[in-house]
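**Student:** sequence unknown, structure follows:
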């Protein structure tokens, strides 16, 4: 057979040598011939029959480059249990270059694929061949409306089935008092048949699709079990077999109870995704905007960056933007979890969906529609709710083989019961009970429903988990590394004291500010702010140079060569004179002029009022907090003492933070890193769990597993408590699902449960798992 030719995009190549290295690596593989084009940023790969695409992708990754993938969120229809999700996931992952995860509780899939190897249509077609419908999530007009429509359908079919099944309840009640045949068999056949083949048609359709796709699901169990009971009863009725009972009430009641379970499950699952619906509803549908000198009301969809939007008292903001006129107090609790209103004025940044509690604002729009922070939060929450926690892997493996195993147990029950009892009809009913009571749904719902509620709960409180893995791993953290500035402290250092060697404090401050004007360091900004407050003009400088972790140097016009930085870098005299200020908890900046000490600047960054309380709460959780700071040991010890921190590392350079993370990991700890700056990004990437303050840099937030929308260390405590509460719910759900099936199936097999009771138990099991997850909504 001819080789299969594929075209792979390659990301990260910076030169022709990179392309040559990738090509060499690929051509080492058996059955692979590759040509890599640096200009085309792609590879043309010929694969023989014995060659593997996975091996090709691994070889590219081994060279330090990657094959970029596109990602699509898909709404899935037709899944009836966890086995469906497992089967669909396997089907999608068999496609070339596709990596997919399917979430049964969210009825969604997240699919990553390589452009050129496959397209969206092929992905949807694969889902359809497996018996499911697929639609791109972003193409849905209103996910909430879809859930409401599904609930109405479930309600209709349950009501239809319940009305026809109700007479059987009277028949069963009469049987309890020894009165058999109260409802004639012919009437039973007429009532049970529409239930079996009209209300229950969904089970036959789902079973056929599953079997056609090479798998089996809950629909197979329900269809097979109820069909056995209906066929036996129909045969007895049509041929009037004497001395034999009919079991129409069992088949009809089981289908009705399963439909009731689906109805309650749909209602409960809708509540688990309520967090996204609430976030979406926060955004207003219209806005008042200045157009042609007049104020007009327009749809939010028509807004564009640069528009001037007016937000009056009591209105929610429609855009992200900058205040150009007015002042107001905004309720930002829906984004940050902070209950107190925040005062905003000219030049301040404001966000869509926050509510104007007092005042009026004119806002120049910078982000509209999908480009707002609210939209990004909705995307993050949806992505996290659709992801899989590692703890779910065991349930997925069991779900994949659950239905065939149950079918085998049912067959053994039929054969063994018939031979042992000599009554094949009774043995058949025992086998039906085994099929009906088995519930893979509870296993499939145990983890994702808890994750959905936990992630949504966090979002409402300003805690954004990037994925379920981060939610789970956070519960295991036992060491938290914290960058001091902006996390333990306010992040706004101020000049607290000046010591000029010649007594001229203004001259010292002017000199320092002139040199620091070329620096982006937070301490430099504090020095410049102090100079502005005193009205001191900056002096011209030249030959500016910075030495990372030490300080800056510049030639100051009319003054000479000035150095501003760490006292030990300036000189021994500066280091010795700074010690008293450092012991008082100040960060000290020394200034020299032409090699002579000119003076010292003492800066203080106020410890957050909540830091000590948060440190104590973390200690109660068994988490050791380690403070990292570039300050000298004396200053670091003073600040650590104020916050109640026992462990700290001083004089840590930005590039050393990642090494500090690795040091704690090497000791066997699960390490979390909390940071807010660009220089924290390497350490955040190295940590087991990374947390970033929402007010921090975009780089830190992009790297982080958890984003805290409020700059408060207590938010970290909340994240850890929520993670532990969610994991506890997952364990409870899994334990219930396993115990239910381990007890229920044997009891049904030995005849201690009739099909009606088994059907009720099966319906209750899924609802119980979802309801238990919903208890997380009470977490505070």
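**Tutor:** Done, it's in. The shown structure was predicted, so the numbers you read here are calculated from the model rather than taken from an experiment. Residues are numbered from 1 along each chain as shown.
**Student:** Chain neighbours aside, what residue packs nearest to residue 299?
**Tutor:** Nearest residue to residue 299, sequence neighbours excluded (Cβ to Cβ, 6 or more residues apart in numbering): residue 286, at 5.9 Å. From N, CA and C alone the C-beta is placed, and that goes for glycine too.
**Student:** same question, residue 585
**Tutor:** Using Cβ to Cβ, 6+ apart, the closest residue to residue 585 is residue 638 (3.4 Å).
**Student:** List the residues that contact that neighbour.
**Tutor:** Residues near residue 638 by Cβ atoms under 8 Å, 6 or more residues apart in numbering: 582, 583, 584, 585.
**Student:** buried sites along the one helix or strand it maps to?
**Tutor:** According to DSSP states H and E, residue 638 maps onto helix 633-643. Using 16 or more other Cβ atoms under 10 Å as the burial criterion, the residues of helix 633-643 that qualify are 634, 635, 636, 637, 639, 640, 643.
**Student:** mind listing what the residue lying closest to the fifth one once chain neighbours are set aside touches?
**Tutor:** The spatial neighbour of residue 639 that comes closest, neighbours along the chain excluded (Cβ to Cβ, 6+ apart), is residue 585 at 5.6 Å. The neighbourhood of residue 585, defined by Cβ under 8 Å, 6+ apart, consists of 604, 635, 638, 639, 642.
**Student:** where exactly do the strands run in the stretch 151-300 of the chain?
**Tutor:** Using DSSP state E, counting those that start in this stretch, the strands found in the stretch 151-300 of the chain span residues 286-291, 294-299.
**Student:** Would you mind saying which of the ones you listed lies nearest residue 497?
**Tutor:** Using Cβ to Cβ as the measure, strand 286-291 is the one of the strands of the stretch 151-300 of the chain that comes nearest residue 497, at 48.5 Å.
**Student:** Direction-wise, compare the closest one with strand 294-299 and give the angle.
**Tutor:** Between strand 286-291 and strand 294-299, the angle comes out at 140 degrees (axes from the mean of the first three to the mean of the last three Cα atoms, to 10 degrees).
**Student:** who touches strand 286-291?
**Tutor:** Identification of contacts with strand 286-291 by Cβ under 8 Å, 6+ apart yields 295-300, 303, 307-312, 318-319, 362.
**Student:** the bottom helix or strand of this protein by mean pLDDT?
**Tutor:** Every helix and strand in the chain was compared by mean pLDDT, DSSP states H and E; the lowest is helix 698-703, with a mean of 52.
**Student:** on contacts alone, who are the packing partners of the following helix or strand past it?
**Tutor:** Toward the C-terminal end, the helix or strand that comes next after helix 698-703 (DSSP H and E) is strand 706-708. Judged by 3 or more Cβ pairs under 8 Å, 6 or more residues apart in numbering; DSSP states H and E, the packing partners of strand 706-708 are strand 463-465, strand 689-693, helix 714-749.
**Student:** Starting from the last one, tell me the next helix or strand along the chain.
**Tutor:** Where DSSP H and E defines the elements, the next helix or strand beyond helix 714-749 is helix 755-774.
**Student:** my guess is residue 452 meets residue 107, correct?
**Tutor:** No: in this structure residue 452 lies outside contact range of residue 107 using Cβ atoms under 8 Å: 11.1 Å.
**Student:** With adjacent residues omitted, what lies nearest to residue 740?
**Tutor:** Residue nearest to residue 740 in three dimensions, not counting chain neighbours: residue 765, with 5.1 Å by Cβ to Cβ, 6+ apart.
**Student:** distance of the one you found from residue 263?
**Tutor:** Relative to residue 263, residue 765 is positioned 15 Å away (Cβ to Cβ, to the nearest Å).
**Student:** Then residue 724?
**Tutor:** On the measure of Cβ to Cβ, residue 724 and residue 263 end up 33 Å apart.
**Student:** Counting neighbours, go ahead and name the busier of the two.
**Tutor:** Neighbour count, other Cβ atoms under 10 Å: between residue 724 and residue 263, residue 263 has more, with 21 against 15.
**Student:** Tell me the confidence at the residue nearest to residue 585?
**Tutor:** At residue 638, the pLDDT value in this model is 79.
**Student:** Could you pull up the contacting residues of residue 185?
**Tutor:** Counting by Cβ under 8 Å, 6+ apart, residue 185 touches 233, 236, 237, 246, 248.
**Student:** what's around the fourth one, how many residues?
**Tutor:** Meaning residue 246. A count of neighbours around residue 246, defined by other Cβ under 10 Å, yields 25.
**Student:** Ok, the second one next?
**Tutor:** Summarising burial for residue 236: neighbours were counted as other Cβ under 10 Å, giving 20.
**Student:** So for the chain, which residue is the most central one in space?
**Tutor:** What sits nearest the mean C-alpha location of the chain, by Cα atoms, centre = their mean, is residue 384, with 1.9 Å.
**Student:** roughly how far apart are residue 604 and residue 564?
**Tutor:** Relative to residue 564, residue 604 is positioned 18 Å away (Cβ to Cβ).
**Student:** Please apply the same query to residue 652.
**Tutor:** In this view, residue 652 and residue 564 are 21 Å apart by Cβ to Cβ.
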